[in-house]
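Colleague: Attaching a predicted model along with its sequence, questions to come.
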Amino acid sequence: MGMGVTIHGFIDAPAVIGSDGLRMYRHNRLAVRAVQDKDSGTLITRSMFTVPPHRPGKGWPVPQYDQAPIHFAANYKEMLLLPASWIREFETILATLFWNSAVVYNDFTKIRYEWEPSAGPLHDPKGRTGFTLKCSVGRPEALAYNEAIDGDYVPVQTRAK
């Protein structure tokens, strides 16, 4: 028996605005589809990722305001720290994408891994610009709801029926 550790995060890709944004979106979608499948023997697989659909302005709010986040998640046995091999696989994927930042969270240790492009606000896979990794741990104490939530919030278990 082991302990499952959830690793999840997002890659902030440029929003789909104009023809250049649409070109980057399509490039990223194809690059994610090219990630190895689940039987490849790799730690990171295509099934972990979700690329939100492109929805040109239809008059309703969409979850891609000024970024088009690519989400991912997995649950690993006893992965208390990200192994260097996982980070290398992830950075290989990042090298193929257009993105502004990437964040990975380890739910067990609360470690946050954050990548940023080295040269400017956008990583361009064709320019082969580099990127940097920073690791940090957030504060362990809970925030009061009024510090973390905009508006009135009542926890589900205490709401009147």
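Modeller: Here it is on my side, so go on. Being a predicted model, the structure only gives us computed values, none of them experimental. Residues are numbered from 1 along each chain as shown.
Colleague: hey, where'd the helices end up in the chain?
Modeller: With DSSP state H, the ranges of helices along the chain come out as 18-33, 84-94, 145-148.
Colleague: can you give me the angle the first one makes with helix 84-94?
Modeller: Regarding helix 18-33 and helix 84-94, their directions subtend 150 degrees when assessed with axes from the mean of the first three to the mean of the last three Cα atoms, to 10 degrees.
Colleague: Name the nearest residue to Gly127, ignoring sequence neighbours.
Modeller: Of all residues beyond its chain neighbours, the one nearest Gly127 is Ala119 (7.8 Å), with distances taken as Cβ to Cβ, 6 or more residues apart in numbering. Bear in mind the C-beta positions are built from the backbone N, C-alpha and C, glycine included.
Colleague: Ala74 now?
Modeller: Ala74 sits nearest to Met48 (Cβ to Cβ, 6+ apart), 4.9 Å away.
Colleague: got the contact list for that neighbour?
Modeller: Neighbouring residues of Met48 by Cβ atoms under 8 Å, 6 or more residues apart in numbering: 72-74.
Colleague: Quick one: buried ones out of those residues?
Modeller: By neighbour count, with 16 or more other Cβ atoms under 10 Å, the contacts of Met48 hold 72, 74 as buried.
Colleague: From the contacts of Met48, which land in strands?
Modeller: Among the contacts of Met48, the members found in strands (DSSP state E) are 72-74.
Colleague: can you list those residues in a markdown table and add pLDDT?
Modeller: Shown next, in a markdown table, are the ones in strands among the contacts of Met48 (pLDDT from 0 to 100):
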| residue | pLDDT |
| --- | --- |
| Phe72 | 97 |
| Ala73 | 97 |
| Ala74 | 96 |
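Colleague: Can you tell me which of these is nearest Thr129?
Modeller: Phe72 (21.7 Å; Cβ to Cβ).
Colleague: Return the set of residues that bridge with that closest one.
Modeller: Gly9, Phe49 (DSSP bridges).
Colleague: for the protein, what are the low-confidence residue spans?
Modeller: 16, 18, 38-40, 55-66, 128, 139-140, 142, 148-151, 155, 157-161 (pLDDT under 70).
Colleague: how about 90 then?
Modeller: By pLDDT under 90, the weakly predicted segments of the chain are 1-2, 14-23, 25, 37-42, 52-69, 80, 109-110, 118-122, 126-131, 137-161.
Colleague: Lovely, talk soon.
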